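A.B. asks: Below: sequence and its predicted model.
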Amino acid sequence: MKTVHKTYKAALIILIMFTIMGCGYHLGPGDENINKNIRAIFVDIFQNDTSEAHLETYMRKAFIDESIQSVRFRLAGERDSADAVLKGKIKTFAISPIAYLSNNIVAVERIHISMDVSLVEQNSQKIIWRDQHFSGIVDYNVNAVNLMVTENSRKNALIKLSNDLAERAFILILSGF
């Protein structure tokens, strides 16, 4: 019994040591892969190849907000004053029911968006980072009785998804993935 107790104790100590030391892998702003001269970025108007109205506006606003919050980049007000241009093309927009009430009425829907996002150096037109299959999902509640509640819930979900995608894109850009 003492041997088992000592084994658990040793395993716990090793686990704590690994937790404290970490593995050395991180997703921080390690911008070594991006030329240091690229400071100002312009967020271009997003292309919307879907039938979902205003989606390109939500996405662009989210990417602009993320640019403003960035410590690595500053937002350029015009394309001509930018060192790089962030471009986006929304390729697909799909809504699927994922939960139902007991009377088979949809209670929760899932939005899935797929897009092509790239950061392109302004002078050389060299692609700094690109993901042609950048995607995300978000769920929102459906109110079968009040369509305005559902529409507000859907709009808030789209804004949240846009913000999440912008944040993830900047992490990937700065991490070199």
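C.D. replies: Structure received.
A.B. asks: how about the helices in the protein?
C.D. replies: Under the criterion DSSP state H, the chain carries helices at the ranges 2-21, 55-69, 147-175.
A.B. asks: Lowest average confidence across those helices, which one?
C.D. replies: When the helices of the chain are compared by mean pLDDT, helix 2-21 comes last with a mean of 54.
A.B. asks: So what's the residue count around the nearest residue to Tyr58 once chain neighbours are set aside?
C.D. replies: Leaving aside its chain neighbours, Tyr58 sits nearest to Ser162 (4.2 Å; criterion: C-beta to C-beta, 6 or more residues apart in numbering). Any C-beta I mention is one placed from the backbone N, CA and C, and that applies to glycine too. Applying other C-beta atoms under 10 Å, we find 26 residues neighbouring Ser162.
A.B. asks: who's in contact with Ser162?
C.D. replies: By C-beta atoms under 8 Å, 6 or more residues apart in numbering, the contact list for Ser162 reads Tyr58, Met59, Lys61, Ala62.
A.B. asks: Ok, Gln47 next?
C.D. replies: Contacts of Gln47 by C-beta under 8 Å, 6+ apart are Glu56, Gly88, Lys89, Ile90.
A.B. asks: how does it look with 7 Å?
C.D. replies: By C-beta atoms under 7 Å, 6 or more residues apart in numbering, the contact list for Gln47 reads Glu56, Lys89, Ile90.
A.B. asks: Look up how far Ala76 lies from it.
C.D. replies: 19 Å (C-beta to C-beta, to the nearest Å).
A.B. asks: Check Gly176 too.
C.D. replies: For Gly176, the distance to Ala76 equals 22 Å [C-beta to C-beta].
A.B. asks: and stretch 119-137, which residues are buried?
C.D. replies: Buried residues in stretch 119-137, defined by neighbour count with 16 or more other C-beta atoms under 10 Å: Leu119, Val120, Glu121, Gln122, Ile128, Trp129, Phe134, Gly136.
A.B. asks: List just the nearest of those residues to Ile98.
C.D. replies: Closest approach to Ile98 among those (C-beta to C-beta): Gly136, at 15.1 Å.
A.B. asks: Let me see the contact set for the closest residue to that closest one other than its chain neighbours.
C.D. replies: Distances taken as C-beta to C-beta, 6+ apart put Leu165 closest to Gly136, at 4.9 Å, once the chain neighbours are dropped. Leu165 makes contact with Ala62, Phe134, Gly136, according to C-beta under 7 Å, 6+ apart.
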